[in-house]
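**Q** Quick one: sequence and predicted model below, then my questions.
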Amino acid sequence: MHSSVTDSLLDRNIDSTRFVLRFRNGSVSHDTLLKRYQNVLTSSHASEQTVVLKKIHRKITKSSLPYQRTRVVAMIVAFVALVAAIVARRFADEDPVTAGTYGGMVAAVVLVACFVPNALRICTEGWAMNNAQVADRLLANIESASGADVDAIRNDAIDSSVNGETPQIRKDAGSSSMLRSLRFNEAVRTGAVTTSGLYDRYLDQHNRDDSADNARTLRAIRRHLAWTDVDRLRRVVIAAFATVSVLFVLTEVLAGQSAIFSLAAVAVSGLVLGVLMRIEFGKSPLTGFATSLAIGQGRRADAKLRTLEETA
C-alpha cells in the first residue's frame, strides 16, 4: 500500500473525509459557520483580515443548502426546457410522427426522471459542502491565530460520530462507510496498519484449527492482499489502457477509418486522462491512482480480517 505518494494522498483523503463527516453530522453547517464568522468579526485580528473576511462571507452564503438548491433547480429547469424544446421541434418536423420519435420522447422522459432527483441531491450537497470547506479552512486560520485549538474541536466532532452521539451518522450507511474508511486511512498514515501487518493477521487466521470453515473468506483476503502491491497495480493500469487503445485502433481501422486519426484520438484521450488524474492525484498521477487502489484493497482485507477476529 505504500509508495512515494502514500502519505500525501492519505493526508488529502483524511482531511476531505473528516470534513464531509463534520458537514453531515451538523458540526459544520451554514448556521455554525455564520456563528463562527460573527465571533471572528469581534476578534482583535479582524481588522487585519478584511479581504479574507469578505471571501469567507461569500463562501458562507454559498454554503447554504437552500441557496444551492435554488441554483440547481434553476439549472434543471433550463435543462428540462431544452429537452422539451428538442422533443417539440422533432414532433413539429415530422408529419406523421414515427415510432422512432415516440421512442426518443420516452427515452428523454426516462433520462430526465432519472437525472433530476440525483442531480438535485448530489449537486446541492456537493456545492454547499465545497463552499463550506473553504469557509471552514479560512475561519480556522483566523481562529488559530487567536489561540483557539481548532484541531481539538474538529476531533471532538468526529469522535462524537464514532461514539454514536450523532444519530445521523448511524442512520446514514454512506457516512458509516466513510467513517470506517477514515479510521483505516488514519491507521495506515500513522503506521498502525501495514501490508506486512495485514499479512501476519491473515496467517494467524489461516493457521487456526477452524480455518477450513472460513476458506472462502480467507481466499478473498489473500486476493485483496495480493492487490496491495502498488508496482503491480501500476503495471496493470498501463496494460489495461494499452489493451483498450489497441482494440480501439483495430476496430476503427477494420471499419475503414484512418489509422492516424485513430492513434491521434487515443493520444488525446490519454492526455485528457493524464490531466484529470494529475488534478486528482498530484505530480505522480499513475502512482497515486495505483496507491489509491492498493489502499482500497487493504481496507477490504482489514474489514474481512476484523470480522474473522471478532467471531473467533
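**A** Looks like it arrived, so ask away.
**Q** show me what contacts the residue nearest to T217 when sequence neighbours are not counted?
**A** Residue nearest to T217 in three dimensions, not counting chain neighbours: K304, with 5.7 Å by C-beta to C-beta, 6 or more residues apart in numbering. Every residue, glycine included, has its C-beta placed from N, CA and C. Applying C-beta atoms under 8 Å, 6 or more residues apart in numbering, we find K304 in contact with 217, 220-221, 224.
**Q** in the stretch 151-300 of the chain, what spans have low per-residue confidence?
**A** 151-175 (pLDDT under 70).
**Q** at 90 instead, please
**A** 151-182, 190-191, 208-214, 248-263, 265-266, 269-270, 272-286, 288 (pLDDT under 90).
**Q** The residue nearest to T217 and N214, how far apart?
**A** Here the criterion is C-beta to C-beta, to the nearest Å. By it, K304 lies 9 Å from N214.
**Q** which residues are in contact with both of those two?
**A** By C-beta under 8 Å, 6+ apart, K304 and N214 have no common neighbours.
**Q** So A113 versus A119, what's the distance?
**A** Counting by C-beta to C-beta - A113 and A119 are separated by 11 Å.
**Q** cool, and F261?
**A** Applying C-beta to C-beta, the value for F261 to A119 is 34 Å.
**Q** More neighbours: which of these two?
**A** A119 (16 against 12; other C-beta atoms under 10 Å).
**Q** Can you give me the pLDDT of the residue nearest to T217?
**A** Per-residue confidence (pLDDT) for K304: 94.
**Q** does it count as helix, strand or coil?
**A** Counting by DSSP: H, G, I helix; E, B strand; the rest coil, the backbone at K304 sits in helix.
**Q** All the strands of the protein, in order from the start?
**A** For the chain, strands defined by DSSP state E do not occur.
**Q** That one: helices as residue ranges?
**A** In the chain, the helices defined using DSSP state H lie at 6-24, 30-41, 50-62, 65-93, 99-145, 150-162, 167-171, 173-190, 195-206, 215-226, 230-254, 259-281, 285-311.
**Q** just checking, what packs against the second one?
**A** Packed against helix 30-41, as judged by 3 or more C-beta pairs under 8 Å, 6 or more residues apart in numbering; DSSP states H and E, are the following elements: helix 50-62, helix 99-145.
**Q** swap the cut-off to 10 Å and go again
**A** Where contact means 3 or more C-beta pairs under 10 Å, 6 or more residues apart in numbering; DSSP states H and E, helix 30-41 is packed against helix 50-62, helix 65-93, helix 99-145.
**Q** Export only the CA atoms of the shortest one, formatted as PDB.
**A** As requested, the backbone C-alpha atoms of helix 50-62 are provided in PDB (Å, rounded to 0.1, in the frame of the first residue of the first chain):
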ATOM      1  CA  THR A  50     -10.700  42.500   5.700                       C
ATOM      2  CA  VAL A  51     -10.200  40.800   2.300                       C
ATOM      3  CA  VAL A  52     -10.300  37.300   3.700                       C
ATOM      4  CA  LEU A  53     -13.400  38.000   5.800                       C
ATOM      5  CA  LYS A  54     -15.200  39.200   2.600                       C
ATOM      6  CA  LYS A  55     -14.300  35.900   0.900                       C
ATOM      7  CA  ILE A  56     -15.500  34.000   4.000                       C
ATOM      8  CA  HIS A  57     -18.800  35.700   3.900                       C
ATOM      9  CA  ARG A  58     -19.300  34.900   0.300                       C
ATOM     10  CA  LYS A  59     -18.500  31.300   0.800                       C
ATOM     11  CA  ILE A  60     -20.700  31.000   3.900                       C
ATOM     12  CA  THR A  61     -23.600  32.500   1.800                       C
ATOM     13  CA  LYS A  62     -23.000  29.800  -0.800                       C
END
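**Q** got the buried residues for that helix?
**A** For helix 50-62, a neighbour-count test (16 or more other C-beta atoms under 10 Å) marks 52-53, 56, 59-60, 62 as buried.
**Q** show me what contacts the spatially closest residue to K55 that is not a sequence neighbour?
**A** Nearest non-adjacent residue to K55, counting by C-beta to C-beta, 6+ apart: L138, 6.7 Å away. Counting by C-beta atoms under 10 Å, 6 or more residues apart in numbering, L138 makes contact with 33, 37, 40, 49, 52-53, 55-56, 59-60.
**Q** so how far is H57 from L138?
**A** 10 Å.
**Q** residues shared between the contacts of these two?
**A** Both L138 and H57 are in contact with 33, 37, where contact means C-beta under 10 Å, 6+ apart.
**Q** Surely T61 and V134 touch.
**A** No - with contact defined as C-beta atoms under 10 Å, T61 does not reach V134; the gap is 11.9 Å.
**Q** contacting residues around stretch 120-132?
**A** Against stretch 120-132 from outside (C-beta under 10 Å, 6+ apart): 16, 19-20, 22-24, 28-30, 32-33, 58-73, 75-76, 136.
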